[in-house]
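Visitor: sharing a model that was predicted from the sequence below.
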Amino acid sequence: MLNNCFRKKEKAGFKNEIQHDVHENSQPMFTETNNDTNKLIQNRELGDIIEEALSKIPDDYRMVFSLREINGLNVAETAGLLNISEANVKTRLNRSKAMLRAEIEKSYAAEELFEFNAVYCNAMTDRVMKIIDKL
């Protein structure tokens, strides 16, 4: 990466760019790259799990779930596209969520899909305890 930066700096187009001073107290923009990478991977895996479960529910329910939850349409828009009543959209959405939950629970336990993230709890507890100590 550094070599690419040095090469880019040497190119004629970049010689006239303004260089900003680097302060000693400056901090990197992304300090928790490992956690961000882990979250990205977990979200992709969870997306794959949901996609697989979604393919196993009936088309009528899949369409409603897809339009409402993935595409972000409201109830009226979804009802208009599918030529069904708004009440029917709400019912199908609730049933599709229940079907998805049941499909996912066939293969995975909740603990396998979502981590607890006690690290964040510890940081919050430490901050609260410091404030209490000051009182």
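Guide: Arrived safely, thanks for sending.
Visitor: tell me which other helices or strands the helix or strand hosting residue 129 touches.
Guide: Assigned by DSSP states H and E, residue 129 falls within helix 118-134. Packing partners of helix 118-134 (3 or more Cβ pairs under 8 Å, 6 or more residues apart in numbering; DSSP states H and E): none among the helices and strands. To be clear about C-beta, it is placed using only N, CA and C from the backbone, and glycine gets the same treatment.
Visitor: give the rounded mean pLDDT of it.
Guide: Across helix 118-134, pLDDT averages out at 76.
Visitor: quick check, pLDDT for residue 81.
Guide: Listed pLDDT for residue 81 reads 92.
Visitor: any idea how far the closest residue to it other than its chain neighbours is from residue 108?
Guide: Leaving aside its chain neighbours, residue 81 sits nearest to residue 67 (6.5 Å; criterion: Cβ to Cβ, 6 or more residues apart in numbering). As judged by Cβ to Cβ, to the nearest Å, residue 67 and residue 108 stand 25 Å apart.
Visitor: neighbour count for the two, which is higher?
Guide: Between residue 67 and residue 108, residue 67 has the larger neighbour count (other Cβ atoms under 10 Å), namely 20 against 14.
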